[in-house]
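Undergrad: no sequence on hand, only this structure:
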């Protein structure tokens, strides 16, 4: 299946499998070109044009660390009946939660959950070693932006978690990223982007990053304070109103569902949903 992507002159970076080897692709001027190098060291188009096919598309980066910010949209804090936080609410996801565009979100069955939720988010990718960033230089450390679905199991987040959100956030397949990494100079203001989620073709989340309590700049400064952010660190910036847990009755993900997260200027991140296939112990 060839991806239906909005044509744009903006530079986008993709990662695909070519003969089972991950390769970077630059999308520019309506074409897609294989490239040498990496986003961290620089990319050079080879001139070989390719098509983007969903079955070969990979997450645009392999994160070294994944931070996830909770309650960072004013309307979402209200729908969850929480106070507006004074400081960013931080949890983490394991890099093993990474999922490619077109991959299948697996509902946990070995540790079962019946309350797995979707969360559309803007993802920040850190491009070089960052520590103690200031408001003046924080955005200089940003390699680019991507779309993310911060999938979470609400029961393991709130009931069986021992008070921490990490377990409910970090099951395998719970961090879809993509389809592209978009360079900052190819985007508008990251704090003024439309963002939404579609579930089985119907819109369930629709907002704008302007509703974020803590901006991109704020989050880079806060997370890098006395803490090193390595290149490849991904920061999920929070989700807007409309999550499944806030529906009446709640609407959690079910096998057979199809979820699309869309962030303005980045594209559409598509994933199917199915139950985990429980494997034997390794």
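TA: Right, received. Where do you want to start? All values derive from a computational prediction rather than experimental measurement.

Undergrad: how close does residue 243 sit to residue 14?
TA: Residue 243 is 28 Å from residue 14, where distance means Cβ to Cβ, to the nearest Å. Heads up, the C-betas are built off the backbone N, CA and C, glycines and all.

Undergrad: now the helix or strand bottoming out on mean pLDDT in the chain: buried residues?
TA: Ranked by mean pLDDT, DSSP states H and E, the weakest helix or strand in the chain is helix 74-79, scoring a mean of 84. Across helix 74-79, burial judged by 16 or more other Cβ atoms under 10 Å covers 74, 76, 77, 79.

Undergrad: before we move on, what about stretch 174-191?
TA: Quick answer for stretch 174-191 (16+ other Cβ under 10 Å): 174-184, 186-187, 190-191.

Undergrad: next one: stretch 206-214
TA: Quick answer for stretch 206-214 (16+ other Cβ under 10 Å): 207, 209, 211, 212, 213, 214.

Undergrad: restricted to strands, list the residues you listed.
TA: Within the buried residues of stretch 206-214, residues falling in strands by DSSP state E are residue 207.

Undergrad: could you dump the buried residues of stretch 206-214 to TSV with pLDDT?
TA: Shown next, in TSV, are the buried residues of stretch 206-214 (pLDDT from 0 to 100):
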residue	pLDDT
207	96
209	97
211	95
212	96
213	96
214	97
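
Undergrad: tell me the one of the buried residues of stretch 206-214 nearest residue 113?
TA: residue 207 (25.5 Å; Cβ to Cβ).

Undergrad: does the nearest residue to residue 135 once chain neighbours are set aside count as helix, strand or coil?
TA: Closest residue to residue 135 apart from its sequence neighbours, by Cβ to Cβ, 6 or more residues apart in numbering: residue 217 at 5.8 Å. Three-state assignment for residue 217 (DSSP: H, G, I helix; E, B strand; the rest coil): helix.

Undergrad: show me what contacts residue 217?
TA: Remark: with contacts taken as Cβ atoms under 8 Å, 6 or more residues apart in numbering, residue 217 is in contact with 135, 138, 139.

Undergrad: and the residues you listed, which of them are buried?
TA: residue 138.

Undergrad: export the contacts of residue 217 to a markdown table and tack on distance to residue 230?
TA: As requested, the contacts of residue 217 are exported to a markdown table (distance: Cβ to Cβ, whole Å):
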| residue | distance to residue 230 |
| --- | --- |
| 135 | 21 |
| 138 | 16 |
| 139 | 18 |
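
Undergrad: how about low-confidence regions in this structure?
TA: For the chain, applying pLDDT under 70 flags the ranges 1-10, 281-282.

Undergrad: would you map out the domains in it?
TA: By the assignment in automatic domain parsing, the chain contains the domains 1-58, 61-275.

Undergrad: burial-wise, tell me which of the ones you listed comes out on top.
TA: Ranked by mean neighbour count, the domains of the chain are led by domain 61-275 with a mean of 19 (mean count of other Cβ atoms under 10 Å).

Undergrad: start to end distance for it?
TA: 25 Å (Cα to Cα, to the nearest Å).

Undergrad: repeat that for stretch 191-208.
TA: 8 Å.

Undergrad: for stretch 262-273, same thing?
TA: Its first and final residues considered, stretch 262-273 spans 17 Å by Cα to Cα.

Undergrad: equivalent analysis for stretch 67-84, please.
TA: End-to-end distance (Cα to Cα), stretch 67-84: 20 Å.
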